[in-house]
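[1] predicted model and sequence below, questions to follow.
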2 protein chains.
Amino acid sequence: MSPRRTGRRPGNPDTREAILAAARTAFAERGFDAASIRVIAAAAGVDPALVHHYFGTKEQLFRATVDIPVDPAQLLPAVLAGDVDGVGERLVRTFLTVWDSPAGAAAVALLRSAVANEWTARLLREFLVTQVLRRVLDQLAVDPAELPLRGSLVATQMIGLAMMRYVIRLEPVASADPEALVTAVAPTVQRYLTGQLDQGSARSRSR
Amino acid sequence: MSPRRTGRRPGNPDTREAILAAARTAFAERGFDAASIRVIAAAAGVDPALVHHYFGTKEQLFRATVDIPVDPAQLLPAVLAGDVDGVGERLVRTFLTVWDSPAGAAAVALLRSAVANEWTARLLREFLVTQVLRRVLDQLAVDPAELPLRGSLVATQMIGLAMMRYVIRLEPVASADPEALVTAVAPTVQRYLTGQLDQGSARSRSR
DNA sequence: TGTTGAACTCAACGGTAGATGAATTACTCG
DNA sequence: CGAGTAATTCATCTACCGTTGAGTTCAACA
């Protein structure tokens, strides 16, 4: 019962973190399939077998690099607090802040891999539905029948923004000032969340 | 000068098209890297070496499957004709029509591969800039200084829509009625094209 | 000091990838 | 027919891939 933990305790525990950092970079830059354990190990300065020693299979390594990032449960309350008319703006700002931070590399990795691997796509789907969209919409007073549509519409704009800024890197969105993007995109998100969906808002179709 | 073209002329010229069709499907379903020449050849019922015989390298095969699809120069005039206030709606409708058609498989292949391969991302970038965005915005009377930003904002919404509907397949967007998406998304595109970008439109920030 | 067990390395297996070049088939023309 | 040439196949090369298992080093405990 008492853990008999003798033997070489910590050779240097930085190695594990080095592998994780190398994996995050590789997965973000090349996606799940293209990123090889061999180049990850080389970038971390270790033997490929050591990667398997710490994290078992390649999929487990990927989950380890991706599971850390930001917990929506921590960020969303601040987004949802305050006036309802500003939730779109705060959502876009928080989104860009996270993705521009070092933790954003994990998100880029997840997004990149969601396209190539079917199980990663399912991972992202479930993450979006259960962790983000559900929480956001539970706090907003909207018709429950409209929740899924509104949520996935928000997702289209957010994922599209992430794709263009961090994956395809289309200018000028790729290197635009975050606040400029917030003011440009926030009204879209706001309308998807709380606005009228079955008619235009920029112009009246029945004018 | 006169081409001495004797010998076995066309055994059956359907083979080339069969390979192309198989390649389009494979690239669309699995992306560039995951789609192997061997399974493409198997799907077309031919030897893998025959694929190389017709189209040289794998990259050339990909370009052949992707170069055909829809010519924006054919579609955009109809989109840009008519009242300026309806261009967003017509753009989204045309977009969905193309992607829902068989030709959309090539577009899905391009989008899927643009995430995994750097050179495919560049391909998509140049296609967007030179073939689509430039043509759209040349016809709209907007401040030339705002053209790139407006164009790439439109791209974020469109690519995000394509990602969610055809790649990630997030419901209910994945199987929604196209017209419902048109009415939902068109105002966003319209505002990105001709609306005020530095302030909200769904609500007035200075009300 | 001697044993233990974790950190770490080495070499290799089995599999698949894209690509190549020679060999074979079969059609068309002179 | 017989030559020429395109269509098609076969066997193979080279290069990675993820993964495994045995072996080595070495700090921590008894």
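    Structure received. Numbers count the residues shown, from 1 in each chain, chains lettered A, B, ... in the order given.

[2] for chain A, which spans come out with low pLDDT?
    A:1-13, A:68-70, A:137, A:141, A:199-207 (pLDDT under 70).

[3] of all residues in it, which one is closest to chain B?
    residue A:160 (2.1 Å; Cβ to the nearest Cβ). Where you see a C-beta, it was placed from the backbone N, CA and C, and this is true even at glycine.

[4] and that residue, how many neighbours does it have?
    For residue A:160, the count of nearby residues is 25 (other Cβ atoms under 10 Å in any protein chain shown).

[5] where's it relative to residue B:197, distance?
    Note on residue A:160: its distance to residue B:197, by Cβ to Cβ, to the nearest Å, is 16 Å.

[6] count of residues packed around the spatially closest residue to residue A:158 that is not a sequence neighbour?
    Once flanking residues are discounted, residue A:158 sits nearest to residue A:95: 5.9 Å by Cβ to Cβ, 6 or more residues apart in numbering or on different chains. Close neighbours of residue A:95, defined as other Cβ under 10 Å, add up to 25.

[7] which strand or helix spans the spatially most central residue of chain A?
    Nearest to the geometric centre of chain A sits residue A:107, at 3.6 Å (Cα atoms, centre = their mean). Applying DSSP states H and E as the criterion places residue A:107 in helix A:104-116.

[8] ok, residue A:39 - contacts?
    Applying Cβ atoms under 8 Å, 6 or more residues apart in numbering or on different chains to residue A:39 gives the contacts residue A:26.

[9] tell me which element it falls in.
    Secondary-structure assignment from DSSP H and E places residue A:39 in helix A:37-44.

[10] tell me the contacts of residue A:176?
    When contacts are counted by Cβ under 8 Å, 6+ apart, residue A:176 touches A:165, B:149.

[11] cool, residue A:116 as well?
    Applying Cβ under 8 Å, 6+ apart, the residues contacting residue A:116 are A:31, A:32, A:33, A:34, B:30, B:31, B:33, B:34, B:112, B:115, B:116.

[12] try it again at 10 Å.
    Applying Cβ atoms under 10 Å, 6 or more residues apart in numbering or on different chains, we find residue A:116 in contact with A:30-34, B:30-34, B:112-113, B:115-116, B:167.

[13] again with residue A:130
    Counting by Cβ under 10 Å, 6+ apart, residue A:130 makes contact with residue A:72.

[14] report the secondary structure state of it.
    helix (DSSP: H, G, I helix; E, B strand; the rest coil).

[15] wait, what's in contact with residue A:155?
    Contact partners of residue A:155, counting by Cβ under 10 Å, 6+ apart, are A:124-125, A:128-129, A:132-133, A:192, B:160-161, B:163-164, B:168, B:170, B:173.

[16] before we move on, what about residue A:171?
    By Cβ under 10 Å, 6+ apart, the residues touching residue A:171 are A:164, A:165, B:125, B:129, B:148, B:149, B:151, B:152.

[17] ok, 8 Å please
    B:148, B:152.

[18] and what of residue A:61?
    Contacts of residue A:61 by Cβ under 8 Å, 6+ apart are A:23, A:37, A:40, A:51, A:55.

[19] may I see the ChimeraX selection of the buried members of those?
    Buried members of these, identified by 16 or more other Cβ atoms under 10 Å in any protein chain shown, are gathered into one ChimeraX selection as follows:
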select /A:23,37,40,51,55
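
[20] got the contacts of residue A:61 as a markdown table, with distance to DNA strand C columns?
    Formatted as a markdown table, these follow (distance: Cβ to the nearest atom of the strand, whole Å):
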| residue | distance to DNA strand C |
| --- | --- |
| A:23 | 14 |
| A:37 | 10 |
| A:40 | 12 |
| A:51 | 9 |
| A:55 | 11 |
